[in-house]
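Student: have a look at this prediction, sequence included:
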Amino acid sequence: SAAIYQSISWGSQSDVESSNRSPIANLGKDVLLSCYIRSSSEAGAQASIVAITWRKEGLSGLVYQYQNGAANLENQNLGFRGRTELLPDAITSGNASLLLRSVRKSDDGVYSCEVISSSGGGTVSIHLRTAAFSETNFTTTKDILIADGARWLPKPNVTWLDHDGNILNGTTTLSPNFVGIFHVVSTLQPVTVRGTYTCRIENDLVTANSEATLTGMNFECFRIPKHFGQFHAPNLVGTVRSGPLPLPT
């Protein structure tokens, strides 16, 4: 069957928005590209979505299309086959966000989300960037503190800081795997009991600050990604605490 496309001019104001127009996705993980119809108190009832079209700049074919109450994947680019879906329960509330699974480096780029609704519609652009990043794991041996970051891309820098924010001299090894993702191992020596140390792993897209405190009988690790995400709009903020580990003698 022939596909029919409409060319629509939305005027100066779009009814479509995104909560994050510059997301950073972790390679191999899933990412949700935000797109929704702006709610209006004047409109009363929520506008119903008639069609959703996701495109990627420079890409032949579509990323995803929804129309007539169902997915229409006839013109979907093969690179996105089996990796994209909407949130079915959210469409009725005006949410056209796209779930992109198993993010690849080639997914980098500018996406557009066009929505046609019963009250109008519009288009929003989203610039997706990809990186590899992971939380930092700490171990100790004698008076050495070891920080391990399993996967980082672009190539990161590592900085050690003491409790007062002074820079310390550590030794770092960056080992790329067969696809160029770096395994980070950094050591700090010597460390002292009751000392608190921060290991900062950062690249152009992501920063992870992880703090380790050594106590008299235990080693406690507090991973605190204070800016674990995009520099100008952190979107991956969380706190993880591990249980105490024996302090080597």
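Tutor: Yep, it's here.
Student: C-alpha only now, for contacts and for neighbours.
Tutor: Will do.
Student: okay, now the sheet partners of the strand ranked longest in the chain, with direction.
Tutor: As assigned by DSSP state E, the longest strand anywhere in the chain is strand 120-131. Using DSSP bridges, the strands paired with strand 120-131 are strand 24-26 (parallel), strand 109-117 (antiparallel).
Student: next SSE after it?
Tutor: Next in sequence after strand 120-131, counting helices and strands by DSSP states H and E, comes strand 136-141.
Student: export that following strand to PDB, keeping only CA atoms.
Tutor: Output of strand 136-141 as PDB, limited to C-alpha atoms (Å, rounded to 0.1, in the frame of the first residue of the first chain):
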ATOM      1  CA  THR A 136      33.200   3.300  40.400                       C
ATOM      2  CA  ASN A 137      34.100   0.300  42.600                       C
ATOM      3  CA  PHE A 138      36.700   0.600  45.300                       C
ATOM      4  CA  THR A 139      39.000  -2.000  46.800                       C
ATOM      5  CA  THR A 140      42.100  -1.700  49.100                       C
ATOM      6  CA  THR A 141      45.300  -3.600  49.500                       C
END
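Student: average pLDDT across the following helix or strand past that strand?
Tutor: The first helix or strand that comes after strand 136-141 along the chain, using DSSP H and E, is strand 144-152. In this model, strand 144-152 has a mean pLDDT of 97.
Student: name the element residue 89 belongs to?
Tutor: Secondary-structure assignment from DSSP H and E places residue 89 in helix 88-91.
Student: and the average pLDDT for stretch 172-184 is what?
Tutor: Mean predicted confidence for stretch 172-184 is 98.
Student: show me the domain layout of the protein.
Tutor: In terms of domains, the chain is parsed into 16-131, 136-246 (source: automatic domain parsing).
Student: of those, which shows the lowest average pLDDT?
Tutor: Looking at the domains of the chain, the weakest mean confidence is domain 136-246, a mean of 79.
Student: need the contact partners of the longest strand of the chain.
Tutor: 10, 13-18, 20-27, 33, 35, 37, 103-105, 107-116, 152-154, 205-206 (C-alpha atoms under 8 Å, 6 or more residues apart in numbering).
Student: quick check on the residues you listed: which are buried?
Tutor: Of the members of these, the ones counted as buried by neighbours, 16 or more other C-alpha atoms under 10 Å, are 14-18, 20-27, 33, 35, 37, 103-104, 107-108, 110-116, 152-154, 205-206.
Student: circling back: ok and the longest strand of the chain relative to strand 144-152, angle-wise?
Tutor: Angle, strand 120-131 to strand 144-152, by axes from the mean of the first three to the mean of the last three C-alpha atoms, to 10 degrees: 130 degrees.
Student: what's the closest of the strands paired with strand 120-131 to residue 201?
Tutor: Closest approach to residue 201 among these (C-alpha to C-alpha): strand 24-26, 15.2 Å.
Student: in three-state terms, label residue 191 for me.
Tutor: Recorded secondary structure, residue 191: coil (DSSP: H, G, I helix; E, B strand; the rest coil).
Student: quick one: residues contacting the closest residue to it other than its chain neighbours.
Tutor: Residue nearest to residue 191 in three dimensions, not counting chain neighbours: residue 143, with 5.3 Å by C-alpha to C-alpha, 6 or more residues apart in numbering. Shown in contact with residue 143 (C-alpha under 8 Å, 6+ apart): 189, 190, 191, 192.
Student: distance of the closest residue to residue 100 other than its chain neighbours from residue 179?
Tutor: In space, and not counting its chain neighbours, residue 100 is closest to residue 84: 4.8 Å by C-alpha to C-alpha, 6+ apart. Taking C-alpha to C-alpha, to the nearest Å as the measure, residue 84 falls 23 Å from residue 179.
Student: pull up the distance across stretch 18-25, start to finish.
Tutor: End-to-end distance for stretch 18-25, by C-alpha to C-alpha: 16 Å.
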